[in-house]
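Enquirer: Compute the structure for the input listed below.
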Amino acid sequence: AGKYLDINSSNVYNISSASNFTDFNDKENPFHNESLNLKKYKPYILYSGAGDPRKNLKRLLQSFSQLPNTLRKYNLVLVGKLLTPEITLIDEWIKEFNLDPIRVFKTGYISDGNLANLYKNCSLFVFPSLHEGFGLPILEAMNCGAPVIGSNSTSVPEIINMKEAMFDPNNTIEITNLIIKSLTDKDFRMKLIHNSISQSKKFSWSYCARATNEAFLNVL
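Expert: Numbers count the residues shown, from 1 in each chain. This next block holds a predicted model:
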């Protein structure tokens with residue numbers, strides 16, 4: 001803030017964030033009764049979020065296209081509302097990278113319950129964003145126990161907090177290699193899952209409330 005906005009850093013408070021997404025198998029969870037036909041997707045790599053340039057979907061598609069033949073059984077599922085120009089671009093990238101269109105799913109907007117279902121059943125969640133204020137989909141996926149990898153830029157490391165689970169979002173070879181490792185190395189996959197469980201516990205609305213209250217008191 002001081003560097004770009006001429007604001008004293010002592011007047012800036014990070015209250016973090018949190019997510020209500022949890023394991024939808026819990027019968028007490030309001031998502032429990034929602035269902036989604038996963039057969040057409042499985043096995044799949046998942047991305048959730050918008051489609052604007054900072055989300056880096058072009059490099060995600062390129063990295064996906066570089067997977068070896070042994071991993072061509074995996075589909076890529078893109079979840080989230082996409083604008084018509086964004087869909088057009090994605091379709092152009094699919095052609096550019098010689099991807100089979102039937103391996104890339106664009107679900108559009110879906111309910112929270114179905115999104116939780118997708119998080120829970122994905123083989124891997126990948127978040128390649130170039131810039132994030134927080135990166136809420138990462139935490140949502142972690143809360144559902146998904147193995148998660150993501151970019152090493154801006155606020156994303158704050159959530160993932162595992163160097164081996166992050167990549168340079170500008171380097172498609174690095175992204176591809178980490179996807180391959182996550183899908184083929186069982187020990188590493190379990191490490192990712194355990195990281196999701198432990199990291200998700202560090203973010204709560206009660207902490208956000210306390211941090212906000214403390215900020216207000218300091219200002220007053």
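Enquirer: drop to CA atoms for contacts and neighbour counts, all remaining ones
Expert: Noted.
Enquirer: how far away is residue 60 from residue 76?
Expert: 9 Å (C-alpha to C-alpha, to the nearest Å).
Enquirer: same deal with residue 13?
Expert: According to C-alpha to C-alpha, residue 13 and residue 76 sit 37 Å apart.
Enquirer: neighbour count winner among these two?
Expert: More neighbours surround residue 76 than the other of residue 13 and residue 76, with 25 against 12 (other C-alpha atoms under 10 Å).
Enquirer: which ones are touching the more buried one?
Expert: Residues in contact with residue 76 (C-alpha atoms under 8 Å, 6 or more residues apart in numbering) are 44-47, 64, 103-105.
Enquirer: make it 10 Å
Expert: 41-47, 60-61, 64, 101-106, 122, 124-126 (C-alpha atoms under 10 Å, 6 or more residues apart in numbering).
Enquirer: Starting from the helix or strand hosting it, tell me the next helix or strand along the chain.
Expert: Using DSSP states H and E, residue 76 falls within strand 75-79. Using DSSP H and E, the helix or strand that follows strand 75-79 in sequence is helix 84-96.
Enquirer: May I see the buried residues of the very next helix or strand once past that following helix?
Expert: Per DSSP H and E, helix 84-96 leads on to strand 104-108 as the next helix or strand towards the C-terminus. Neighbour-count burial for strand 104-108 flags 104-105 (criterion: 16 or more other C-alpha atoms under 10 Å).
Enquirer: helix or strand right after strand 104-108?
Expert: Under the assignment DSSP H and E, the closest C-terminal helix or strand after strand 104-108 is helix 112-121.
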